[in-house]
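Engineer: generate coordinates for the sequence data below:
(one chain, ligands or ions: 1)
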Amino acid sequence: MTDFNKIQETIIKLDVEGSVQLVNDALKEGTPATDILNKGLIAGMDIVGEKMENEDMFIPEVLMAAHAMSKCVEILKPLLGEEDVVSRGSVIIGTVKGDLHDIGKNLVAMMMESAGLTVHNLGVDIAPEEFVKQIKEKKANILCMSALLTTTMPMMKQTIDAVVESGLRDQVKIMIGGAPVTQGFADDIGADAMAPDAGSAAKKAKALAA
Ligand code: B12
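Structural biologist: Just a heads-up that it's a prediction; the model follows:
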């Protein structure tokens, strides 16, 4: 039986090697990759977030925890989601301007790829005009934006405005996400969809591309 608390602890204690070891052990025991991700790694990262809020942990430590999480996600990546090589749509995804958080956005990108979508992951701190340029270049039919800060959420609206101004709004469905994003916010800014996690984001993207 996999002890998910132990996996959480390695993330909180910034033990990169330990976390990789426990993830490999859990896979050998036959624990599903999604359980390792949700009950171990993401749950550990949530505790890191609480500690950051209470000033028990600071940015260099949070970065190290994020590094441990990324190493483990690399191991799980081939095992998450269904395998499907046929592209069902072209997705542009990025974190909005001013925001450097990318762990959740990368998980969403990964789940979408394994759901058979072609994903162009632009990275972090992406300005509205860059999103517009990439939609044109990659002939994307879905635009996904991530924001983890309440201060960068308005950038999602600015990006949608830029897409409207460019005349591309009819060609592209827009989906947004990130911890502070709600369905109400998505409705207010004119997004087509939001999803609270990577699994449902991939499902919704498939539906939007259909
Ligand atoms: C890791 C982290 C960092 C790392 C980021 C490293 C990296 N490479 O991403 C570092 C140390 C750099 C960082 C910096 C800062 N951070 Co920070 N950070 C976090 C932390 C602890 C975890 C975020 C995370 O990765 N969660 C795990 C992932 C898997 O979850 P997720 O991102 O929510 O993604 C899921 C869903 O939201 C959804 N989703 C995400 N994106 C998308 C996109 C689409 C299209 C869809 C459909 C779905 C979707 O699916 C994902 C997977 O299931 C959070 C606390 C928390 N628990 O959220 C604070 C947090 C987000 N940070 C915070 C703050 C304040 C900051 C700083 C301003 C701190 C500072 N004073 O400098 C800076 C800002 C830097 C910047 N300009 O962006 C605050 C934000 C408060 C607020 N309300 O705005 C938080 C909430 C911490 C806190 N409680 O105070 N941070």
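
Engineer: how about the residues of the chain that lie near the ligand?
Structural biologist: 42, 45-46, 48-49, 52-53, 59, 62-63, 66, 98-105, 107-108, 144-146, 148-151, 175-180, 195, 197-198, 201 (CB under 6 Å from any ligand atom). To be clear about C-beta, it is placed using only N, CA and C from the backbone, and glycine gets the same treatment.

Engineer: identify those among those residues that sit within strands.
Structural biologist: Among the residues of the chain next to the ligand, the subset assigned to strands under DSSP state E consists of 144-146, 175-177.

Engineer: for PyMOL, write the select line for the buried members of the residues of the chain next to the ligand.
Structural biologist: Provided next is the PyMOL selection string for whichever of those are buried by 16 or more other CB atoms under 10 Å:
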select buried, resi 42+45+48+62+66+99+101+102+103+104+105+107+108+144+145+146+148+149+175+176+177+178+195+198+201
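
Engineer: which two among the ones in strands among the residues of the chain next to the ligand are spaced furthest apart?
Structural biologist: The span of those, defined through CB to CB, is set by S146 and M175 at 9.9 Å.

Engineer: contacts only, for G123.
Structural biologist: G123 sits next to 94-95, 102 when contact means CB atoms under 8 Å, 6 or more residues apart in numbering.

Engineer: correction: I93
Structural biologist: Taking CB under 8 Å, 6+ apart, we find I93 in contact with 105, 108-109, 112, 119-122, 143-146.

Engineer: quick check: bridge partners of it?
Structural biologist: Beta-bridge pairing for I93 (DSSP bridges): N121, C144.

Engineer: how confident is the prediction for it, by pLDDT?
Structural biologist: I93 is assigned 98 on the pLDDT scale.

Engineer: tell me the SS of the nearest residue to I36 once chain neighbours are set aside?
Structural biologist: Distances taken as CB to CB, 6 or more residues apart in numbering place A26 nearest to I36, at 5.1 Å, with adjacent residues excluded. Put simply, A26 is helix when judged by DSSP: H, G, I helix; E, B strand; the rest coil.

Engineer: pull the contacting residues for A26.
Structural biologist: A26 touches 2, 7, 36, 40, counting by CB under 8 Å, 6+ apart.
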